[in-house]
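A.B. asks: Here is a sequence together with a model predicted from it:
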Amino acid sequence: MCTSFAVYSQNNPIYGMNFDSNDIDLKLNIYNYADSDVFYFSGLMDNIYRDIAGINSNGLFICTQALEYSPNFQPCSNGNNVFVFDVIEESLRVGDKVSDFLDILNNRNAFFSTNPFFPNMGLHTIIADKYGDAVILEEGINTNVISKIDGKFIVMTNFPNGNFENQKFDEVYGCGADRYIKAYKNINDKINNFGINDAFDVLRRTCQDTTLCSIVFEPLKLEAYICFKIDFDKKWKVSIKEKTIHSLNGFNNNNSIIFTAEGVSVKQLYKFYE
């Protein structure tokens with residue numbers, strides 16, 4: 001079902017995410033555009049690799065995950081709609097800040113397609129930048145629901161964040177509320193000195209049996225740290241600047257792989273580093 005967060009501690013922003021799903025093929029890629037390079041994490045569904053999360057070379061991070069709608073929810077249908085994934089793609093190509101994403105959205109009503117991984121659920125998106133701004137975007141009945149960061153961090157699981165504005169973190173309920181509370185409390189306890197290891201600790205505490213991938217991003221360094229299937233002893237490091245990935249620990253081989261246009265599948269990673 002997924003968990004994600006953005007944390008701003010001592011001028012060192014960190015983003016994190018768990019991707020929870022049935023066992024599917026995963027792929028990593030770095031695309032070069034005129035205004036930025038973009039790292040994408042994707043999952044194979046219906047013979048198509050579908051982008052789940054991305055971060056560009058400006059440090060803008062966007063992640064979409066499952067959402068359990070409120071009872072009787074009906075998305076807005078006034079005609080002023082925009083497909084969210086089009087906004088995400090353009091934002092990662094040219095954007096630098098959360099405000100750039102919102103400018104591209106341009107007051108149009110967010111429309112998500114059917115959730116390809118969980119067809120009975122909806123979707124919502126976290127957008128975060130390296131400057132300390134972050135929001136969660138959800139479809140509303142008559143307008144978009146945008147939940148802004150309050151303090152030094154923001155957390156998203158699978159209930160509508162917009163339903164709990166101004167409520168205490170431990171009063172939320174719904175799908176993923178237990179993971180939200182765990183993540184919130186753990187981050188808050190370490191907010192004055194939150195680092196990569198702390199981010200992985202949050203992901204470890206909020207992982208599930210279906211967690212396929214855990215990623216921590218350092219936007220100022222343009223690096224990502226990745227592990228798969230709750231095996232936190234085996235990690236890889238991605239350099240978006242160098243367009244490379246190499247193993248950090250748990251393998252005998254730590255040679256770098258250079259990203260090509262085809263990307264690198266997780267199966268290829270394990271085969272290369274066996």
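C.D. replies: Sure, I can see it.

A.B. asks: neighbours of the spatially closest residue to residue 133 that is not a sequence neighbour, just the number please.
C.D. replies: Nearest in space to residue 133, with sequence neighbours left out and distances taken as C-beta to C-beta, 6 or more residues apart in numbering, is residue 98 at 4.3 Å. Just so you know, the C-beta spots here come from the backbone N, C-alpha and C atoms, and that holds for glycine as well. Residue 98 is flanked by 26 other residues according to other C-beta atoms under 10 Å.

A.B. asks: Surely residue 98 and residue 134 touch.
C.D. replies: Yes: using C-beta atoms under 8 Å, residue 98 makes contact with residue 134 at a distance of 6.4 Å.

A.B. asks: joint contacts of the two?
C.D. replies: Common neighbours of residue 98 and residue 134 are listed as 127-128 (criterion: C-beta atoms under 8 Å, 6 or more residues apart in numbering).

A.B. asks: Give me the below-cutoff pLDDT ranges for the stretch 101-250 of the chain.
C.D. replies: The stretch 101-250 of the chain contains residues with pLDDT under 70 at 114-116, 119.

A.B. asks: Tell me where it has strands.
C.D. replies: Ranges of strands within the stretch 101-250 of the chain are 109-111, 122-128, 134-138, 145-148, 153-156, 211-218, 223-228, 235-239, 244-249, based on DSSP state E, counting those that start in this stretch.

A.B. asks: Of all those, which one comes closest to residue 62?
C.D. replies: strand 122-128 (5.2 Å; C-beta to C-beta).

A.B. asks: what does that closest one contact?
C.D. replies: So strand 122-128 is in contact with 4-6, 13, 15, 60-69, 73, 84, 88, 91, 98, 101, 112-113, 115, 134-139, 149, 154, 156, 160-161, going by C-beta under 8 Å, 6+ apart.

A.B. asks: Just the buried ones among those, please.
C.D. replies: Neighbour-count burial (16 or more other C-beta atoms under 10 Å) is assigned, among the contacts of strand 122-128, to 4-6, 13, 15, 60-69, 84, 88, 91, 98, 101, 112, 115, 134-139, 149, 154, 156, 160-161.

A.B. asks: Now, those residues that are in helices?
C.D. replies: Of these, the ones assigned to helices by DSSP state H are 84, 88, 91, 98, 101.

A.B. asks: Nearest to residue 187 among these?
C.D. replies: Nearest to residue 187 among those, with distances taken as C-beta to C-beta, is residue 98, at 19.0 Å.

A.B. asks: contacts for stretch 131-146?
C.D. replies: 6, 8, 13, 67, 73-76, 78, 84, 97-99, 102, 105, 109-112, 122, 124-128, 147-149, 152, 154, 156, 160-162.

A.B. asks: nope, stretch 29-48 is what I meant
C.D. replies: 19, 21, 24-28, 49-58, 92-94, 116-117, 212-213, 215, 224, 238, 240-241, 243, 259, 262-264.

A.B. asks: mind redoing it with 7 Å?
C.D. replies: Outside stretch 29-48, the residues that touch it by C-beta atoms under 7 Å, 6 or more residues apart in numbering are 21, 24-28, 49-58, 92-94, 116-117, 213, 215, 224, 238, 240, 243, 259, 263.

A.B. asks: Can you say which of the residues you listed are buried?
C.D. replies: Those of these that meet the buried threshold are 21, 26-28, 49-58, 92, 94, 117, 213, 215, 224, 238, 240, 243, 259, 263, by 16+ other C-beta under 10 Å.

A.B. asks: Please enumerate the helices of the stretch 151-274 of the chain.
C.D. replies: Per DSSP state H, counting those that start in this stretch, the stretch 151-274 of the chain carries helices over the ranges 177-189, 196-206, 266-273.
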